Structure formats: C-alpha cells, structure tokens
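1. model the following, please.
(one chain, ligands or ions: 1)
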Amino acid sequence: MKRTQSKNKAVLFLVATAVVVLALYLVFRFEPQLKDLLGSRMAGIQPGTITGVLKLALFATLAYLLVRALNVAIFGLVRLRRGFDAPTLVRNIFSIIAFSALFILIFTRIFPDVNLGALFTTSAIFGVILGLALQDTLGNFFAGISLQADRPFQVGDVITVGSHQHTGVVEEITWRAIKIRTFQNHVVLISNSTAAKEPIEVSPRDNLNARLVLFNTLYTDSPAKTIHVVREAVREADNVSQKITPIVRIRNMGESGVDYEVKYWLEDYAKYNDTDALVRQRIWYAFRRNDLSFAYPTRTLLVERRPKVSGGDAAPIVERLAAVDIFAPLSTEETTMLAQAATSHVFAPGETVIRAGDPGSSMFVVHNGRVAVQLTENGRPRTVATLSEGAFFGEMALFTGEPRTASIVALEETEVLEIGHQAMKLVFDANPDLVESLSHIITERLQGLAASEDQRATDMDKSAGLLSSIKRFFGLS
Ligand code: CMP
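-> Next comes the predicted model:
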C-alpha cells in the first residue's frame, strides 16, 4: 500500500516538474510575442510586470517541487541511518526555510528593482494584519518547537492530555498539533499551544508502566490466600511483564467487603484496556477455583458468639487433637471435651502468636500452617525450631507458671487451637501419667533453647524438679 503510494507520488512529481519546465520554456521562448499580445490587450499595465509575475509563479512552483524532493531525499536518508522518521515539525521547518530562501532569490532575480525588505518593513498595516491572522498559528508553531526541543514524549507513547482527559497513542507531532489515536480508534488533534498549557501524563513506550486493577472479597476470605491466588493468576496473563512480580494489597476495609488492588506492569502499555480486562477475567476464574467470593453490597447481621469450636465444627478439631502425640492416651470423650474447650485463632504470615517474656496460661496446637520458635539474640531473631500442623507450643508457661521462654511467629497463614489452664487440669485429673511425658518434652525443649553446654547441664538439673513443679501448679497429688 505504502509502496504504491510512493510510486504515485513520484510519478506525479515528475509530471508536475515536466509541465512547469515546459511552461517556463514556452514563456522564455515566446516572451516578445507574449509581451506584444499583452501590450495590445491590457493598456496601462507594463507587459514586463505580467510576464515577470508569470515567471515568478512558475519558478516558485519549481522551487516548491525541488524543496519537496530535497525533503524526501534528506529525511529518507536520516530514516535509513537512524531507523526512525524525523518529526513532521522538523521536516516542515526545513521546507519553509528552504522555500523562503529560494523564493527571495528568485524574486530578486526577476524584480531586481523591487526592495523586498522595504516592502515588508515599511508596511505597518501589513504587519498588523499578518500578526493578527497568524496569532494562533504562530502560537502553535512555537509551542510545537518547544515540544520538539523538550521531547517530553515521542511517537508511540501513550499520553493523557489535560482536563478533558484525552488518552491515546501519539501518532504525529506537527507544527500545528499533536495527533493521538484514542482507544476507540478515533483521532484527536490537540493544538500545540493547548498542550503547552495543560498537564500531560506520559507513559513512554520503552518504559515498564504500571496499572492498578481493583477487586474485593468477602470479609470471610483470608487475605493471605487472596493475595497469593491473585498474584499467581495475574502474573501469567498476556502482556503482564515477567520482570516485576505483581503486587496485591488491601486498599480499604470496605462497607461490604475487603477492597484490594493489584498493581502490575505491562510490556505494551498501549494495550492496557485489553490487559486490564484479561486480569479481571483471570481473577474471576482464580476465585472460582479457590473458593473465594467477590463482595457485593450486603448488610450482614451478626449475633455475637464466643469464637469457640462447637457442635458440627468440632470434628476436624477432635481429629487434629487426637493426632497430637501428648494427647494420644486420652479417650475419645476426653479429646472431644478438649476440642470443645479449644478456641481457634488465625494469624497472618509474620504475626507473633506469643511473645517471649509474656506471662501465659494456655497452650496451642498448630491446626493449619507453620510457626517458628524464635529467641532474640543481639537484637536479632534466631529460629530454634519450626513447628507445623499437629505440633504444640506454649506448654512450658502453662505447666510451670513461668513467663514464655520463646516467641512464636507465624511463617504462613496459620490457624492455632488454644487450650486453657482449666481444660488441661481436667485432662490431667483424668490422666495423671500425662504429666510425666509432658515434663520430658519440656526438658528436651529447654535443652534446645540453651545457648551453651553449661547452660544445658543447668537446665537438666532444673528439669529434675519440673515434674513436681507441674504437679504443684495444677494441684495434683
Ligand atoms: P512457652 O515457654 O510457654 O512459650 C514459648 C514456647 O516455645 C514454649 O512454651 C515451647 O512450647 C516452645 N519451644 C521452646 N523451645 C522449643 C524448642 N526447642 N523446640 C520446640 N518448641 C520450643
């Protein structure tokens, strides 16, 4: 298509040049006859002036064609060398200057007696008229020059201009206007002088530009799970850059749900509408697969209840507690009783479940997730053990009445079951042997916490009295 157009243009150029050269030849060849004819027909006007004007018009046309040809040749060469088109504005300025210079040269040759400078400078009225007529045009022209000099954006960048929020891909910057193609495939022309006054948001083509897509979930959906699921779904969508992992974060605790935003970076920003839509689609499917729900305006009336495990919910808890080794000797009734007395708590990754040094009167079983047992050394946390589903912690403070020996931090979203002093006392009353097996575990764990061999030996000594101290604490005989 472009090739045929160029071919047509070249043919048109050659024909036009040939016609003008022929006309010039005829004017020069038959000049005396032409003058005689004009002299007899138009009394009062110098025939020389008319032929002069005719020559001026023909030479000016030839000059115009020459400048066009030079323009194509020079900027075509620039494109070959640099690989991109020179801005239209630069091409136009070149044409205007070259044509003006040629025109003045031709004019002074044909009319040597007329002083061109005086013609322009002495004519004040001409100046005023020209000034007024060209006010906007010159404004655009100079704004265009400053845009070219500044180069705040280039062809191919996506820009949003001013209060009308015209957004589109820059197609051309001419001496008069910036031409952008909107995402509805419309062409919008914004005059350079308007653009110079308005704020312009530029998303450069060779830059990783980010987008935000909003969504929400019900309050019952876990943030850690939502963030993970959405991040994975979005990072695989087409046109989402692999260089930066999408960020999913809570934006607001909304009226009907938790509001989130996902920030992702695009390979090709000009396609952000399609990519936003694809991202939303991926989120929908990911929600479907992972049992997450979008929130819609609802009013939920909640009757407050103790967040205790009870009734039908108790089965998985009973199962979990039955699998904990220290509770293995308990009967099904005792385990169920323990499950009913347990309270479930959910912690986000990085949250502290218990803090070293705090008093404590309950122990915990990890129901889902993983926690780290941490000591603080020289102001930095050191992990001494990692506990996963089915493991328990917090028994030391519960059974000895001492402060917490270590901090417990959730490594991922973690659900723990808290069992209080009272429930454990009932269990001990029914199973006095449990105290002994527990005191062994506590002794082992104390050794794990000790920094040195000496300390370990001291802890061994201490643990000798552990059994009696637990019994005393729980009022067991
Ligand atoms: P408590 O002292 O009540 O609070 C911190 C808990 O970390 C502690 O009870 C134990 O349950 C647990 N803990 C301490 N040391 C270790 C260890 N070496 N291995 C596993 N758990 C531990």
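2. OK, contacts around residue 60?
-> 102-103, 106 (Cβ atoms under 8 Å, 6 or more residues apart in numbering). C-betas here are computed from N, CA, C, even on glycine.
3. please report how far residue 175 lies from residue 61.
-> Distance, residue 175 to residue 61, using Cβ to Cβ, to the nearest Å: 22 Å.
4. which residue of those two possesses the greater neighbour count?
-> Using other Cβ atoms under 10 Å, the more surrounded residue of residue 175 and residue 61 is residue 175, with 21 against 16.
5. shouldn't the more buried one be in contact with residue 144?
-> Yes - taking contacts as Cβ atoms under 8 Å, residue 175 lies within contact range of residue 144: 5.0 Å.
6. for those two, list the residues in contact with both.
-> 89, 192.
7. just name the closest of the contacts of residue 60 to residue 332, please.
-> residue 102 (106.0 Å; Cβ to Cβ).
8. that's a strand at the closest one, yeah?
-> No - assessed with DSSP: H, G, I helix; E, B strand; the rest coil, residue 102 is helix; it does not lie in a strand.
9. residues contacting it?
-> Each residue near residue 102 by Cβ under 8 Å, 6+ apart is listed here: 60, 63, 66-67.
10. could these be laid out in CSV, adding secondary structure, distance to residue 291 and pLDDT?
-> Output for these, formatted as CSV (DSSP: H, G, I helix; E, B strand; the rest coil; distance: Cβ to Cβ, whole Å; pLDDT from 0 to 100):
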residue, secondary structure, distance to residue 291, pLDDT
60, helix, 78, 91
63, helix, 77, 92
66, helix, 75, 92
67, helix, 71, 90
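11. now the buried members of those residues.
-> Buried members of the contacts of residue 102, counted by 16 or more other Cβ atoms under 10 Å: 60, 63, 67.
12. closest to residue 333 out of those?
-> So of the buried ones among the contacts of residue 102, ranked by how close each gets to residue 333 (Cβ to Cβ), first place is residue 67, at 102.7 Å.
13. from the ligand, how far out is the most centrally placed residue in the chain?
-> Geometric centre of the chain, nearest residue: residue 210, 1.8 Å, by Cα atoms, centre = their mean. Going from residue 210 to the ligand by Cβ to the nearest ligand atom, to the nearest Å gives 42 Å.
14. rewinding a little: just put the contacts of residue 102 in CSV and tack on distance to residue 353.
-> CSV is the format used below for those (distance: Cβ to Cβ, whole Å):
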residue, distance to residue 353
60, 89
63, 86
66, 85
67, 80
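15. so where do the helices sit in the stretch 51-200 of the chain?
-> Along the stretch 51-200 of the chain, counting by DSSP state H, counting those that start in this stretch, helices occupy 88-110, 116-121, 124-133, 135-150, 192-197.
16. wait, which of the contacts of residue 102 is closest to the ligand?
-> residue 67 (86.4 Å; Cβ to the nearest ligand atom).
17. surely that closest one meets residue 99?
-> Yes - using Cβ under 8 Å, residue 67 is in contact with residue 99, at 4.9 Å.
18. pull up the pairing partners for the helix or strand containing the residue nearest to the centre of the chain, direction included.
-> Here residue 210, judged by DSSP states H and E, is contained in strand 209-217. Strand 209-217 has its sheet partners listed here by DSSP bridges as strand 258-266 (antiparallel).
19. point out the most buried one among the helices of the stretch 51-200 of the chain.
-> Of all the helices of the stretch 51-200 of the chain, helix 192-197 has the most neighbours on average by mean count of other Cβ atoms under 10 Å, namely a mean of 18.
20. next SSE downstream of that one?
-> Using DSSP H and E, the helix or strand that follows helix 192-197 in sequence is strand 200-203.
21. alpha carbons of that following strand, as PDB, please.
-> Extracted C-alpha coordinates of strand 200-203, given in PDB (Å, rounded to 0.1, in the frame of the first residue of the first chain):
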ATOM      1  CA  ILE A 200       0.200  15.800  30.200                       C
ATOM      2  CA  GLU A 201       0.600  12.400  31.600                       C
ATOM      3  CA  VAL A 202       3.100  10.400  29.600                       C
ATOM      4  CA  SER A 203       3.500   6.600  29.600                       C
END
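22. show me what it is packed up against.
-> Where contact means 3 or more Cβ pairs under 8 Å, 6 or more residues apart in numbering; DSSP states H and E, strand 200-203 is packed against strand 158-161.
23. same thing but 10 Å
-> Contact here means 3 or more Cβ pairs under 10 Å, 6 or more residues apart in numbering; DSSP states H and E; on that basis strand 200-203 packs against strand 158-161, strand 166-173, strand 209-217.
24. just name the most buried of those strands.
-> Among the helices and strands packed on strand 200-203, strand 158-161 has the highest mean neighbour count (mean count of other Cβ under 10 Å), at a mean of 20.
25. tell me the strands beside that strand, with direction?
-> For strand 158-161, pairing defined by DSSP bridges yields strand 166-173 (antiparallel), strand 200-203 (antiparallel).
26. out of those strands, which comes closest to the ligand?
-> The ligand lies closest, by Cβ to the nearest ligand atom, to one member of these: strand 200-203, at 51.3 Å.
27. please name the residues that touch residue 46.
-> 35, 38-39, 52 (Cβ atoms under 10 Å, 6 or more residues apart in numbering).
28. and the furthest pair within those?
-> By the measure Cβ to Cβ, 39 and 52 form the most distant pair in the contacts of residue 46, at 14.1 Å.
29. residues from the stretch 251-400 of the chain in reach of the ligand?
-> Proximity of the stretch 251-400 of the chain to the ligand (Cβ under 6 Å from any ligand atom) is limited to residues 354, 360, 373, 384-385, 393-397.
30. any chance of these in JSON lines, plus neighbour count, pLDDT and secondary structure?
-> Output for those, formatted as JSON lines (neighbours: other Cβ atoms under 10 Å; pLDDT from 0 to 100; DSSP: H, G, I helix; E, B strand; the rest coil):
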{"residue": "354", "neighbour count": "23", "pLDDT": "95", "secondary structure": "strand"}
{"residue": "360", "neighbour count": "21", "pLDDT": "91", "secondary structure": "coil"}
{"residue": "373", "neighbour count": "22", "pLDDT": "96", "secondary structure": "strand"}
{"residue": "384", "neighbour count": "15", "pLDDT": "93", "secondary structure": "strand"}
{"residue": "385", "neighbour count": "15", "pLDDT": "94", "secondary structure": "strand"}
{"residue": "393", "neighbour count": "23", "pLDDT": "96", "secondary structure": "strand"}
{"residue": "394", "neighbour count": "22", "pLDDT": "94", "secondary structure": "coil"}
{"residue": "395", "neighbour count": "22", "pLDDT": "90", "secondary structure": "helix"}
{"residue": "396", "neighbour count": "23", "pLDDT": "89", "secondary structure": "helix"}
{"residue": "397", "neighbour count": "19", "pLDDT": "90", "secondary structure": "helix"}
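31. quick one: low-confidence parts of the stretch 201-350 of the chain?
-> Scanning the stretch 201-350 of the chain with the threshold set as pLDDT under 70 gives 298-300, 304-313.
32. quick one, strands of the stretch 351-477 of the chain?
-> Counting by DSSP state E, counting those that start in this stretch, the stretch 351-477 of the chain has strands at residues 352-354, 362-368, 370-377, 380-388, 392-393, 407-410, 414-420.
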